[in-house]
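# please work out how this folds:
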Amino acid sequence: MLKALVSIPVCSAALAGILMLAGCSDSTPPPEAKTEAPKKPAVPDGPITALTAYYDLYKIARTIAPDLQAASITGNEVAGAKSGDGKYVQWTVVFVSASKRQASTFIYTTVAHDNLLKGANNSGSQPWGGATRDATPFSNGDFSVDSDAAYKAAADKAADWLAKNATKPVTTFALGQSAQLPAPMWYVMWGDKKAGGYAVYVNAATGKVFGK
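Okay, here's the model as predicted:
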């Protein structure tokens, strides 16, 4: 009898330990919630503004180097696709890294064509000799005026000329920076510069036409 009395607390202690390890409950724990991989943003259709394309490309390109900057943003015409008013179906952005002395070209297009897929395309890298007086890289915080706003400012400035040259298309639409300029500038060119075309610079930080 004594042996039986002694064995009872020992068994109770063992049982208590098992229950503690089991969470003191015989209920089944709820299944862990499944986390879905984030979906890639859908590529828009038709012409888009420069900053729409730029920031999608920047998210990819910034993994190249911590000191990544933009060297140029250029709107591109694509055969069979309509562009206008500062919006293009394709934008080309050149990023540079001073630490790697490298320039990387990315293209964002809303229409698949030739060897380009719809969306972001990495067109490769090449050596970069660094900033020059005529071509200076710029950071995201240096500009905020999007291409459609820049076009409107440029068109307002060129209104008299455009009234007489309505058929002249925009032949160059690009953002760049040089040491002589106070900020990155949008450059909008109608027609041929050598054949009486018209060009306007728009400050990409303020949205104002630069110069006279």
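# from here on, just use CA atoms for contacts and neighbour counts.
Will do.
# so where do the helices sit in this structure?
Assigned by DSSP state H, the helices in the chain fall at 2-21, 50-61, 147-157, 159-164.
# roughly how far is the last one from the heart of the chain?
The gap between the average C-alpha position of helix 159-164 and the chain average comes to 34 Å, counting by C-alpha atoms, centre = their mean, to the nearest Å.
# quick one on the thing from earlier: now the weakest link among the helices of the chain, please, by mean pLDDT.
Least confident of the helices of the chain, judged by mean pLDDT, is helix 2-21 with a mean of 36.
# okay, buried residues for stretch 155-164 please.
Ala155, Lys157, Leu162 (16 or more other C-alpha atoms under 10 Å).
# that should have said stretch 97-115, apologies.
Ser97, Ala98, Gln102, Ala103, Ser104, Thr105, Phe106, Ile107, Tyr108, Thr109, Thr110, Val111.
# residue contacts, the closest residue to Val202 other than its chain neighbours?
Nearest residue to Val202, sequence neighbours excluded (C-alpha to C-alpha, 6 or more residues apart in numbering): Val209, at 4.3 Å. Val209 sits next to Ala153, Ala154, Lys157, Val200, Tyr201, Val202, Asn203 when contact means C-alpha atoms under 8 Å, 6 or more residues apart in numbering.
# measure the last one to Ala103 for me?
For Asn203, the distance to Ala103 equals 24 Å [C-alpha to C-alpha, to the nearest Å].
# before we move on, what about the fifth one?
Distance from Tyr201 to Ala103, counting by C-alpha to C-alpha: 25 Å.
# how about the second one?
When distances are taken as C-alpha to C-alpha, Ala154 and Ala103 turn out to be 29 Å apart.
# might one say that Ala81 is in contact with Gln90?
No: with contacts counted by C-alpha atoms under 8 Å, Ala81 stays clear of Gln90, the gap being 9.6 Å.
# between those two, who's got more neighbours?
Set Ala81 next to Gln90 and count neighbours by other C-alpha atoms under 10 Å: Gln90 wins out with 27 against 13.
# what's near enough to touch that one?
Pro47, Gly75, Asn76, Glu77, Val78, Ile107, Tyr108, Thr109, Thr110, Val111.
# please name the nearest non-neighbouring residue to the second one.
Leaving aside its sequence neighbours, Gly75 sits nearest to Trp91 (C-alpha to C-alpha, 6+ apart; 4.7 Å).
# pLDDT score assigned to the one you found?
98.
# count of neighbours near it?
Neighbours of Trp91 using other C-alpha under 10 Å come to 28.
# who's in contact with it?
Contacts of Trp91 by C-alpha under 8 Å, 6+ apart are Ala50, Ala53, Tyr54, Ile73, Thr74, Gly75, Asn76, Ile107, Tyr108, Thr109.
# go again with 7 Å.
For Trp91, the contact set (C-alpha atoms under 7 Å, 6 or more residues apart in numbering) comprises Ala50, Ala53, Ile73, Thr74, Gly75, Asn76, Ile107, Tyr108, Thr109.
# and if you look at Ser125?
Gln102, Ala103, Ser104, Thr105.
# turn these into a markdown table, columns for distance to Asp67 and pLDDT.
Below are these laid out as a markdown table (distance: C-alpha to C-alpha, whole Å; pLDDT from 0 to 100):
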| residue | distance to Asp67 | pLDDT |
| --- | --- | --- |
| Gln102 | 11 | 97 |
| Ala103 | 12 | 98 |
| Ser104 | 13 | 98 |
| Thr105 | 16 | 98 |
